[in-house]
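Participant: The following block contains a protein sequence and its predicted model.
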Amino acid sequence: MDIRISLIISTYNWPQALHLCLSSALNLLTKPFEIIIADDGSSAETEEVIRNFIAKNKIQIKHVWHEDNGFRLSQIRNKAISKAEGNYIVQIDGDIIMHPHFITDHLYLAKKNHFVTGSRALITEVNSKKILSSSIVPPVKELNKISTASLNRTRNHFLMRFLSSRYKVRGKYRSYTKGCNMAFWKDDFIKVNGYNERISGWGREDEELVIRFLKMNLRKQFIKFGGITYHIWHPFASRDKLLENDIIMQETLSSNSFSCQMGISQYLHDLRSVENA
């Protein structure tokens, strides 16, 4: 099967981190088919970073932006994925530095009727500030030295393959996910109607999506000892909407449906209208 990966990178007003994230894409041994920036309302400085990157590098990049109207990650991801020309979505955040084998490892685990979630190593606060100031992505050996969670930055192909269907896929971890390191088929995402846009503010949008994937009888894989990412430190975002989002997630758990009402379908309709015009 011809797998074309659309790499979705979400961002909001942190051009310095996005520069490092995009720079790490140049070091990928397997390049994605395209990169789509899901921009939740950043200022012109972010647009300039993206424009400069496009001008200097031969890689297809789309910038999907909407007006800043609060934390609307679910909505901007839906909008970005609606524009994807690839058939397989790999999703990260704009404060992530990718290991050179990141896409290679995700490609290896791409299987029909499955989705993938992973984790990340955490770059310390002091070292995050240093690399942001330098604007240069350190080599892997240096990234491993300046980040915590050693098991999240260790690559072992055998263990990655062995643990993918065994680690954090059952029991209380069944719906556990990190949206900053996640992959799924675009068709499956459309079938569940994408992210639930009733969820706004920080938290639960990824887990709620995974609950619906599982209701559709998709199987979860966890990418451990592979698909390595390094997370640039930043202060915690506000959790003021977390309780509301918890309630929405519980409603999804209790529902018999795997599709949400406010999702990606509204943007796909817009695309079809343009194509048929």
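Facilitator: Now that the structure is in, tell me what you want to look at. Numbering: from 1, shown residues only.
Participant: and the gap between residue 171 and residue 129?
Facilitator: According to C-beta to C-beta, to the nearest Å, residue 171 and residue 129 sit 38 Å apart. (Glycine included, C-beta is placed from N, CA and C.)
Participant: Which of these two has more residues huddled nearby?
Facilitator: For residue 171 versus residue 129, neighbours defined as other C-beta atoms under 10 Å are more numerous around residue 129 (13 against 7).
Participant: Tell me where the protein has helices.
Facilitator: Assigned by DSSP state H, the chain shows helices spanning 15-26, 44-56, 73-82, 102-109, 125-134, 140-145, 157-163, 186-191, 205-215, 242-254, 265-276.
Participant: can you tell which of these is closest to residue 91?
Facilitator: helix 73-82 (7.3 Å; C-beta to C-beta).
Participant: helices or strands up against that closest one?
Facilitator: Packing partners of helix 73-82 (3 or more C-beta pairs under 8 Å, 6 or more residues apart in numbering; DSSP states H and E): strand 5-11, strand 34-39, strand 61-65, helix 205-215, helix 265-276.
Participant: okay, the helices of the chain, which one's buried deepest?
Facilitator: helix 73-82 (a mean of 25; mean count of other C-beta atoms under 10 Å).
Participant: that older thread, in terms of mean pLDDT, which of the helices of the chain ranks lowest?
Facilitator: Note on these: helix 265-276 shows the lowest mean pLDDT, a mean of 65.
Participant: Would you mind giving the helices and strands packed on helix 73-82 as a markdown table with distance to residue 51 added?
Facilitator: Putting the helices and strands packed on helix 73-82 into a markdown table (distance: least, C-beta to C-beta, whole Å) gives the following:
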| stretch | distance to residue 51 |
| --- | --- |
| strand 5-11 | 14 |
| strand 34-39 | 11 |
| strand 61-65 | 8 |
| helix 205-215 | 28 |
| helix 265-276 | 24 |
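Participant: out of the ones you listed, which comes closest to residue 103?
Facilitator: strand 5-11 (6.2 Å).
Participant: What strands flank the closest one, and is each parallel or antiparallel?
Facilitator: Applying DSSP bridges, strand 5-11 is found paired with strand 34-39 (parallel), strand 88-93 (parallel).
Participant: Which residues outside the first one are in contact with it?
Facilitator: Applying C-beta atoms under 8 Å, 6 or more residues apart in numbering, the set of residues contacting strand 34-39 from outside is 4, 6-12, 18, 22, 25, 46, 50, 59-66, 73, 76-77, 79-81, 83-86, 94.
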